[in-house]
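Sequence first, predicted model second:
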Protein chains: 2
Amino acid sequence: MGRPTIADIAKRVGVSKGAVSFALNGRPGVGEATRARILQVAKEMNWRPHSAARALGGARAEAVGLVIARPASTLGVEPFFAQLLSGLQAGLSAQSVATHLMIVEDVAAEMEIYRDWASAHRVDGFIVVDLKVSDPRIGALEELGVPTVVLGGPGRHGSLSSVWADDREAMVSVVEYLAALGHRHIAHVAGLPAFRHTQRRIRALRDSTRRLELAEAVSLATDFSDAEGAAATRALLSRSRRPSAIVYDSDVMALAGLGVAGEMGVRVPDELSIVAFDDSVLTRIAHPAITALSRDTFALGGQVAEVMLAVIADPEARQDLRTPTPRLVVRGSTAAPGAWQGD
Amino acid sequence: MGRPTIADIAKRVGVSKGAVSFALNGRPGVGEATRARILQVAKEMNWRPHSAARALGGARAEAVGLVIARPASTLGVEPFFAQLLSGLQAGLSAQSVATHLMIVEDVAAEMEIYRDWASAHRVDGFIVVDLKVSDPRIGALEELGVPTVVLGGPGRHGSLSSVWADDREAMVSVVEYLAALGHRHIAHVAGLPAFRHTQRRIRALRDSTRRLELAEAVSLATDFSDAEGAAATRALLSRSRRPSAIVYDSDVMALAGLGVAGEMGVRVPDELSIVAFDDSVLTRIAHPAITALSRDTFALGGQVAEVMLAVIADPEARQDLRTPTPRLVVRGSTAAPGAWQGD
DNA sequence: TTCGGGGACTAAACCGCTCTAGTTGCGGGA
DNA sequence: TCCCGCAACTAGAGCGGTTTAGTCCCCGAA
């Protein structure tokens, strides 16, 4: 015989399927003695629930969906995603919830998957990352009515729950720190311009340089790759008005920028200060170690998991969880401009 | 009305459920005109298959399981996993197969999940990583009879399919290269000793240093973290007989080692050569760039996907795919020992 | 003209589990 | 003693597909 079913158990114990179902789910409707006997036999026969059969009846799928629309080859590069995923899964594992993962080409395909998985009851909810400036996914998911947590904000995620950090405030803290050191020419190697948080950072940078009456800050867009980060750095350092500080939207790009500076004979931090807008092991083991806006991405994943589970448990309970603003961790890559003149 | 079902379509078209099923699955049994009409209506009603219902009938789950037993927090650190996962998913996506991911505490829990998912028809197959020296998972999975691909080998994965690279040969190539440069004291910062590939590397190192009549090589075990990599490096560089070259089992540890060397005033590559047993963006953007055994982890994931899909399609078709031995990519972190004396 | 064969389509069983409506039997209160 | 109420348990109807065993009808061959 193949997999034992509750019918097999029922036959063996001499009760009905219903009784077995009640017993196995800890529901009232069977006496203690019978219940014990059923559990005993179920264990002996090594019975396990058939999730598809349960799902048919409308039960939980015990999984959440994560669909990512990025060229897959760039995903492995950033520690961010891996960290987030680990934290997420760690949080979900506690309730035996798995992650159903799929990488697709574009947002259209992503939404198609949402529709598929939702109507197939394949997942209990979705997690949306890479919030775009004007994001069609929000409306689509609202319409589907499936519990969803959007990573990113604030705002612009309609009626969906969200987990977010204040990128704006974080960027302001960076600029203020650099300005206090004496920097007046700050440049920015940004990420994908279509991302909402990229825009927030660019705007925050521009606003605060104006407010502090620094030179107009230039933001160069990239695709988050080390190659484009390096190229942008080369472009910035080749300008006649070379910036004295560069803020990078990711740690990988900051590290690439550090390499370019070395290659061009620009000393860090003496001639150039570098700040990474994301922290990981990379910034710590670089030489010099890179000053970074640090947030615990693993913990962030855990918080997303928590909100997700809460929303699944009670779909009415919309949540907006603001995570701590990333803290600036000062390391060796930043100093007052021109400090090297004192050599 | 909620989700439309085939019964709804059947009613609207005026045929039976069976006819609709035939039409939607491109199976003979309905005429062309009827088929077209059914497809038309299905589209209008925005019908989508309910995977749970299909699974009940024994169809594919369109997902493969990946269960990882490691402390989740260490996962995000290594680019390896993220790369592998990306490549895997990229390969699977082509056939619309998703990855069902779960991170657990230990191997016992891992095997429990295998049993759960297998008997619940939740996945069509499993991918096993982190092959252990004596691995209980192999037997358990063989018994379950679910298509499985083991990443790692050669050998010791019973009747299961596998994808592997020759770590032994790779290590030999590193030692020969270092020996040719003139190194006689080679040390090794290894990974987790319970892993099969760690043992293979340690043995390969020991064998080839003997064969080449170099000093006995010491291998220090770590947990793959940058912290332990740094600690091991400190220990090695503090010895009276300091090694002139260190081979690291991961790029993260190599980078950490590079940092320690800098901190201890040991110049790389003049006084110490560093080789990483894994390549990624990290080794390239380090300064100096780190000589590394390079393999395309993303492609590796793709190959695992390929074998997985093949084994799912035909469970009898066991495969053993040997991937290219990692190539040694020489960068700035290796040189002849004592080259610095020429300064 | 009759019969056979096959294509088109239907009815219903089935997959494994959940859940509701209903039946039985027992104990306690009037 | 009778009846009510409740706990324990059963029967069976779904859930949304797939699939098998038919049924019906039309066409071609003998």
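Cool, got the structure.

Stretch A:241-249 close to chain B?
No. Stretch A:241-249 stays clear of chain B (C-beta under 8 Å from any C-beta of the partner chain), getting no nearer than 12.1 Å. The way it works is simple: take the backbone N, C-alpha and C, and place the C-beta from them, glycine included.

got the contact list for that stretch?
A:171, A:174-175, A:178, A:181, A:183-191, A:198, A:201, A:205, A:215, A:218, A:222, A:224, A:229, A:233, A:236, A:254, A:257, A:271-278, A:334, A:337-338 (C-beta atoms under 8 Å, 6 or more residues apart in numbering or on different chains).

ok, now stretch A:5-17?
With C-beta under 8 Å, 6+ apart, stretch A:5-17 has contacts from A:1, A:19-21, A:24, A:30, A:34, A:37-38, A:41-42, A:45, A:47, A:50.

filter the contacts of stretch A:241-249 to the buried ones?
By neighbour count, with 16 or more other C-beta atoms under 10 Å in any protein chain shown, those hold A:171, A:174-175, A:178, A:181, A:183, A:185-191, A:198, A:201, A:205, A:218, A:222, A:224, A:229, A:233, A:236, A:254, A:257, A:271-278, A:334, A:337 as buried.

Keep only those of those that are in strands.
Counting by DSSP state E, the buried ones among the contacts of stretch A:241-249 place A:186-189, A:218, A:273-276 in strands.

For the stretch 51-200 of chain A, which segments count as strands?
According to DSSP state E, counting those that start in this stretch, the stretch 51-200 of chain A carries its strands in the segments A:63-69, A:98-104, A:125-128, A:148-151, A:161-164, A:186-189.

separation between the residue in the stretch 101-250 of chain A that DNA strand C sits nearest to and chain B?
Using C-beta to the nearest atom of the strand, the closest approach of the stretch 101-250 of chain A to DNA strand C is made by residue A:121 at 11.8 Å. Distance of residue A:121 to chain B, given as C-beta to the nearest C-beta, to the nearest Å: 5 Å.

List the residues that contact that residue.
A:55, A:58, A:61, B:50-52.

on that earlier part again, pull out whichever of the contacts of stretch A:241-249 are also neighbours of DNA strand D.
Near DNA strand D, taking C-beta under 7 Å from any atom of the strand as the test, no member of those is found.

same for chain B: which of the residues you listed are within range?
Of the contacts of stretch A:241-249, not one also sits near chain B (C-beta under 8 Å from any C-beta).

Low-confidence regions, chain A specifically.
For chain A, the stretches flagged by pLDDT under 70 are A:1-2, A:72-74, A:76-77, A:339-343.

need the contact list for residue A:337.
A:181-184, A:244-245, A:273.

Most widely separated two among the residues you listed?
By the measure C-beta to C-beta, A:184 and A:273 form the most distant pair in those, at 11.8 Å.

how many neighbours does residue A:142 have?
14 (other C-beta atoms under 10 Å in any protein chain shown).

Check the one 10 residues further on too.
In terms of burial, residue A:152 registers 22 neighbours under the definition other C-beta under 10 Å.

And it, how far from residue B:290?
For residue A:152, the distance to residue B:290 (C-beta to C-beta, to the nearest Å) stands at 34 Å.

And residue A:337, by the same measure?
Noted for residue A:337: a distance of 31 Å to residue B:290, by C-beta to C-beta.

what bridges to the nearest residue to residue A:279 once chain neighbours are set aside?
Once flanking residues are discounted, residue A:279 sits nearest to residue A:294: 3.7 Å by C-beta to C-beta, 6 or more residues apart in numbering or on different chains. Per DSSP bridges, the residues bridged to residue A:294 are residue A:327.

Next up, the contacts around residue A:294.
Per C-beta under 8 Å, 6+ apart, neighbours of residue A:294: A:279, A:326-329.

Also residue A:278?
A:80, A:249-251, A:292-293, A:295, A:297, A:326.

May I ask which two of these are separated the most?
Distance extremes for those: the farthest pair is A:249 and A:297 at 14.4 Å, using C-beta to C-beta.

which one of the two has more residues nearby?
More neighbours surround residue A:249 than the other of residue A:249 and residue A:297, with 28 against 23 (other C-beta under 10 Å).

Against residue A:196, how distant is that one?
Residue A:249 is 13 Å from residue A:196, by C-beta to C-beta.

same check, this time on residue A:180
Computed as C-beta to C-beta, the residue A:180 to residue A:196 distance reads 29 Å.

again with residue A:310
24 Å.

So for those two, which sits in the more crowded spot?
Legend: neighbour count by other C-beta under 10 Å for residue A:310 and residue A:196, higher for residue A:196 (20 against 17).

check contacts around the closest residue in space to the more buried one that isn't next to it in sequence.
Using C-beta to C-beta, 6+ apart and skipping residues adjacent in sequence, the residue nearest residue A:196 is residue A:131, 4.6 Å away. Counting by C-beta under 8 Å, 6+ apart, residue A:131 makes contact with A:150-153, A:156-157, A:195-197.

follow-up on the earlier one: write a ChimeraX command that selects only the buried members of the contacts of residue A:121.
Here is the ChimeraX command that selects the buried residues among the contacts of residue A:121 (16+ other C-beta under 10 Å):
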select /A:55,61 /B:50,51,52
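
Among the contacts of residue A:121, name the ones in helices.
Per DSSP state H, helices hold the following members of the contacts of residue A:121: A:55, B:51-52.

how about CSV for those residues, with distance to residue A:84 added?
Shown next, in CSV, are the ones in helices among the contacts of residue A:121 (distance: C-beta to C-beta, whole Å):
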residue, distance to residue A:84
A:55, 27
B:51, 26
B:52, 28
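
Report the distance from stretch A:317-327 to the chain centre.
13 Å (C-alpha atoms, centre = their mean, to the nearest Å).

Please enumerate residues in contact with that stretch?
The set of residues external to stretch A:317-327 that reach it, using C-beta under 8 Å, 6+ apart, is A:149, A:153-154, A:159-166, A:169-170, A:173, A:277-279, A:293-295, A:299-300, A:303, A:306-307, A:310-311.

Quick one: buried ones out of these?
Using 16+ other C-beta under 10 Å, the buried ones in the contacts of stretch A:317-327 are A:149, A:153, A:160-166, A:170, A:173, A:277-279, A:293-295, A:299-300, A:303, A:306-307, A:310-311.

how many neighbours does residue A:284 have?
20.

Name the SS class of it, please.
Following DSSP: H, G, I helix; E, B strand; the rest coil, residue A:284 is assigned to helix.

Near DNA strand D, which residues of chain A? Just list them.
A:14-19, A:22, A:28-35, A:53, A:56-58.

about what we covered before: between the contacts of residue A:131, which is closest to residue B:95?
So of these, ranked by how close each gets to residue B:95 (C-beta to C-beta), first place is residue A:151, at 27.9 Å.

List the contacts of residue A:163.
A:149-151, A:153, A:300, A:303-304, A:307, A:321, A:323.

Go through those and name the one nearest residue B:114.
Proximity of the contacts of residue A:163 to residue B:114 (C-beta to C-beta) peaks at residue A:304, which lies at 26.4 Å.

what's the nearest residue to that closest one if we skip its chain neighbours?
Per C-beta to C-beta, 6+ apart, closest to residue A:304 is residue A:163, 5.0 Å.

try residue A:253
Per C-beta to C-beta, 6+ apart, closest to residue A:253 is residue A:229, 2.9 Å.

separation between that neighbour and residue B:234?
Distance from residue A:229 to residue B:234, counting by C-beta to C-beta: 31 Å.

if we can go back for a sec, can you lay out the contacts of residue A:278 as TSV showing distance to residue B:266?
Listed next are the contacts of residue A:278 as TSV, based on distance: C-beta to C-beta, whole Å:
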residue	distance to residue B:266
A:80	32
A:249	34
A:250	30
A:251	26
A:292	26
A:293	31
A:295	33
A:297	32
A:326	34
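
Spatially nearest residue to the residue in the stretch 101-250 of chain A that DNA strand D sits nearest to (excluding sequence neighbours)?
Nearest to DNA strand D, among the residues of the stretch 101-250 of chain A, is residue A:119, at 7.6 Å (C-beta to the nearest atom of the strand). On the basis of C-beta to C-beta, 6+ apart, the spatially nearest residue to residue A:119 that is not a chain neighbour turns out to be residue B:48, at 4.4 Å.
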